[in-house]
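In: dropping a prediction and its sequence here:
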Amino acid sequence: MKTELLLSVHEEPIQLLNRTQLKDFKQAIMNKISNAAMNTVFVLDMAKISDTNGSGIDEVIAKPLKWLINEFIDKKVEKYIYLVNLSPEEEHDHAYNIESTLNIEQLCIMAKVEDSFSILGYIGGSKGSLKQILEFVYSRKEVTARDVVDAFDKQLNTASTQLSKLYEKRLIAREEIQMPEGGRQFVYKSLF
C-alpha cells in the first residue's frame, strides 16, 4: 500500500529551513508512519517543499528515516519511504541538500525521477557493489539472490547478504515465497 506522507500533515508549501520550527512537523510524519499498516510505502512529495537546507532535511527526512531503520531492526517493521518530484536544480536544489545531509548521516533514500530513479545519500559497500545491486533491483523491479549471482558472477551468500543490507536500509522490499519444488526464497522488489 502506498500513501502520501505529507497529505493532511501540511497544506501549504513547506520551507525546510528552521530545525526548531520543524520538530512538530517531524513528529507528525513519524506518527503517521507509526500508525500506518504494515507494508506501507510512504511517498514524500518534494513538490510540496519549497526551500531546504541541511537542518531541515535532517529533521524531516534523515531523522524519520533513521527512526524507521531502527524500528525495523528492533521490531521488523515493514514500512518504507521514497521521494518524488525533486526540484530542478535552477529552482530549489533538493537533491544536493538531501544528498549532502544523508551522506553525513550515512543514510540513503530512493527518489523516483520520471520513469527512472535516483539514489541519494550514503549507500556504503565496497567498490560500489551495493549501488550496482540496488540499480539492478530497480531496473528489473523484482529479483532473487540467484538473479544477482547470474548477473554479477557473485557467490550466493554474498548476493543474499548484499540484498539483505539494502532491505535493512529500507531501500527495497522483500517477500518470502514458497517454491514449487519445496523450500522458500526471498524476492526483493523496488519500492516503485
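Out: It's in.

In: what helices or strands is the helix-or-strand element of the chain with minimal mean pLDDT leaning on?
Out: One helix or strand of the chain scores below all others by mean pLDDT, DSSP states H and E: strand 2-4, with a mean of 79. For strand 2-4, the helices and strands in contact under the criterion 3 or more Cβ pairs under 8 Å, 6 or more residues apart in numbering; DSSP states H and E are strand 40-45. To be clear about C-beta, it is placed using only N, CA and C from the backbone, and glycine gets the same treatment.

In: how far off centre is the strand it packs on?
Out: Relative to the centre of its chain, strand 40-45 is centred 9 Å away, using Cα atoms, centre = their mean, to the nearest Å.

In: how about residues contacting the next helix or strand after that strand?
Out: The element immediately downstream of strand 40-45 (helix or strand, assigned by DSSP states H and E) is strand 49-52. Among residues not part of strand 49-52, those counted as contacts by Cβ atoms under 8 Å, 6 or more residues apart in numbering are 13, 14, 15, 16, 17, 87, 92, 93, 94, 97, 98.

In: can I get stretch 65-80 in PDB? Just the C-alpha atoms.
Out: The C-alpha coordinates for stretch 65-80 follow below in PDB (Å, rounded to 0.1, in the frame of the first residue of the first chain):
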ATOM      1  CA  LEU A  65      14.400   7.500   8.100                       C
ATOM      2  CA  LYS A  66      16.900   6.700  10.800                       C
ATOM      3  CA  TRP A  67      14.000   6.000  13.200                       C
ATOM      4  CA  LEU A  68      12.300   3.800  10.600                       C
ATOM      5  CA  ILE A  69      15.500   1.800  10.100                       C
ATOM      6  CA  ASN A  70      15.900   1.300  13.900                       C
ATOM      7  CA  GLU A  71      12.300   0.300  14.300                       C
ATOM      8  CA  PHE A  72      12.800  -2.300  11.600                       C
ATOM      9  CA  ILE A  73      15.900  -3.700  13.300                       C
ATOM     10  CA  ASP A  74      14.100  -3.900  16.700                       C
ATOM     11  CA  LYS A  75      10.600  -5.000  15.500                       C
ATOM     12  CA  LYS A  76      10.800  -6.000  11.800                       C
ATOM     13  CA  VAL A  77       8.500  -3.100  10.800                       C
ATOM     14  CA  GLU A  78       7.800  -3.400   7.100                       C
ATOM     15  CA  LYS A  79       7.500   0.300   6.100                       C
ATOM     16  CA  TYR A  80       9.400   2.300   3.500                       C
END
